[in-house]
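Trainee: quick one: sequence plus predicted model below, questions after.
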Amino acid sequence: MRTTNSNVEIKRQNKIKIVQYILKHEKVSRQELAVALGFSLPTVFQNVTELMELGMVCEAGEYGSTGGRKAKVLKIKEGFCCAAGIEITKDDICFVLVDLDQKLVCLERKTLSYANTQEYYSRLGEVVGELLRKNGITAKGTTRLAGVGISVPGIIDHDLGMLRESHELGVENVSIRHFSKYIPHEFCCESSANCSAYAVLNAEQKSAVYLALSDTVRGAVFIDGKIYKGDNFRGGEFGHTIVQPGGRMCCCGKQGCLNAYCSSEVLTEHGAYALEQFFERLEAGDPEYKERWEEYLEYLARQTANIRIAFDCDIILGGKVGRYLTPYMAQLEAHLRVYNVTDFDFSYLTVDPYQQGSSAIGAACYMLDRYVENLHSEQTGGA
């Protein structure tokens, strides 16, 4: 019995490896799969046949002739499966649908002010259901839903299943099950910074640090293809590192934290006006806004230099402020040169390529990867 179970698991893992390889390379042949994965051709043919019967994989043309029979091109079938991602903020939600090959299908924002009440969680479930139906994801639809991933700004304790603390949402010790109570689908909940890093870095499987510059400053450390969460799920909490001893008061009660100098609220004077308005005034040449921006970049450069020295890897800047950073990267590098004298090439510092919704996209990608990693033999014909 143990041998039989072992064989079933080996077959299941073989199938997963084939799907993951096709996803990573988009278009492959059976012969390429055999060589790359070290499988026999019969093993590849059997698994591919079952994946095609399931509807996950399809043939999409032929490769050019090399003198023999033309090899068929394999790819993941479009529309086979998708996942929803929800980014929770204090004022709204960002909803995305992402296909199994991690292509963005849709992105919408809905006004929904957060409150730790049953009314809010019920309304969240209604909005998610409405958006799924709007995009054709129904019980009778042809596209499978891998699940719903939810991105929440804060520290999530996965051992206890709790949102330990979220300054942005103004809550502590909230069960993450509240967010899924009215969402009748497979579910996961992760911190917004980790989700953003996952969206940007998962396909590359390299080490990098993601710095999310939003209502508070949070980060994620991505090492060898995995998020480093820390012993107490506080990995990447760069917002509470000191950049100015004895400086401004932070929401955590300390003085001089990065949060007090580089959150989006610093630029908006804690919600006095929209972030977009700040950058409009900055572009118009307002001297007060230029001075405030120079100070912002100064402290951001200090922290970026510290991260570079500590981790010696790429750094990605994102979050609300990250959407506006691209035109100012040369200005930021000028500040950075004062603190980082070991690097002459600043190409390690980039901006999140997603203009919006990266944490929602990352949450959806978590669900898609979980779906592939948990392919069961009964889903795929037993091979």
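Mentor: Received the coordinates, thanks.

Trainee: residue 150 bridge partners, please.
Mentor: Here residue 150 sits in beta bridges with residue 86, residue 189, going by DSSP bridges.

Trainee: can you pull the contacts of it?
Mentor: Neighbour list for residue 150: 85-86, 88, 176, 179-180, 187-190, 363 [criterion: Cβ atoms under 8 Å, 6 or more residues apart in numbering]. For the C-beta atoms, the positions are set from N, CA and C on the backbone; glycine is no exception.

Trainee: cool, and residue 308?
Mentor: With Cβ under 8 Å, 6+ apart, residue 308 has these contacts: 315, 340, 343, 348-349.

Trainee: next one: residue 157
Mentor: Applying Cβ under 8 Å, 6+ apart, the residues near residue 157 are 163-164, 232-233.

Trainee: hmm, 10 Å instead?
Mentor: 163-165, 173, 176, 229, 232-234 (Cβ atoms under 10 Å, 6 or more residues apart in numbering).

Trainee: same question for residue 137.
Mentor: So residue 137 contacts 82-84, 97, 105, 129, 131, 143-145, 185 (Cβ under 10 Å, 6+ apart).

Trainee: quick one: the strands in the stretch 201-350 of the chain?
Mentor: 208-213, 217-223, 226-228, 314-318, 349-351 (DSSP state E, counting those that start in this stretch).

Trainee: filter the contacts of residue 157 down to the buried ones.
Mentor: Among those, those classed as buried by neighbour count (16 or more other Cβ atoms under 10 Å) are 163-165, 176, 229, 233.

Trainee: of those, closest to residue 6?
Mentor: Nearest to residue 6 among the buried ones among the contacts of residue 157 is residue 229, at 31.1 Å by Cβ to Cβ.

Trainee: quick check: the farthest pair among the contacts of residue 157?
Mentor: 173 and 229 (18.1 Å).

Trainee: picking up where we left off before, buried subset of the contacts of residue 308?
Mentor: Using 16+ other Cβ under 10 Å, the buried members of those are 315, 340, 343, 348-349.

Trainee: could I get those residues as a markdown table with pLDDT and distance to residue 322?
Mentor: Putting the buried ones among the contacts of residue 308 into a markdown table (pLDDT from 0 to 100; distance: Cβ to Cβ, whole Å) gives the following:
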| residue | pLDDT | distance to residue 322 |
| --- | --- | --- |
| 315 | 95 | 11 |
| 340 | 87 | 19 |
| 343 | 84 | 21 |
| 348 | 94 | 16 |
| 349 | 95 | 12 |
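
Trainee: from what I see, residue 59 and residue 72 are in contact.
Mentor: Yes - Residue 59 lies in contact with residue 72 (Cβ atoms under 10 Å); the separation is 4.7 Å.

Trainee: shared neighbours, the two?
Mentor: Common neighbours of residue 59 and residue 72, using Cβ under 10 Å, 6+ apart, are 29-30, 48.

Trainee: and these, which of them are in helices?
Mentor: 30, 48 (DSSP state H).

Trainee: closest to residue 305 out of the shared contacts of residue 59 and residue 72?
Mentor: Comparing these against residue 305 with Cβ to Cβ places residue 29 closest, at 46.8 Å.

Trainee: just say helix, strand or coil for residue 179.
Mentor: helix (DSSP: H, G, I helix; E, B strand; the rest coil).

Trainee: now for residue 147: which residues touch it?
Mentor: Taking Cβ under 10 Å, 6+ apart as the test, what residue 147 contacts is 82-85, 180, 183, 185-188, 363-364, 366-368, 370-371.

Trainee: for the helix or strand where it lies, give the mean pLDDT please.
Mentor: Assessed by DSSP states H and E, residue 147 sits inside strand 144-152. Mean pLDDT, strand 144-152: 95.

Trainee: strand partners of whichever helix or strand comes after it, parallel vs antiparallel please.
Mentor: Scanning forward in sequence from strand 144-152 by DSSP H and E, the next helix or strand is strand 155-157. Paired neighbours of strand 155-157 in the sheet (DSSP bridges): strand 162-166 (antiparallel).

Trainee: highest neighbour count among the contacts of residue 150?
Mentor: Counting neighbours by other Cβ atoms under 10 Å, residue 363 leads these with 35 neighbours.

Trainee: one step back: reformat the contacts of residue 157 as TSV; add pLDDT and distance to residue 117.
Mentor: Formatted as TSV, these follow (pLDDT from 0 to 100; distance: Cβ to Cβ, whole Å):
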residue	pLDDT	distance to residue 117
163	95	15
164	93	19
165	92	19
173	96	15
176	94	16
229	86	29
232	84	28
233	84	25
234	86	27
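
Trainee: what's the closest of those to residue 219?
Mentor: When these are compared against residue 219 (criterion: Cβ to Cβ), the nearest one is residue 234, at 10.4 Å.

Trainee: no further questions, thank you.
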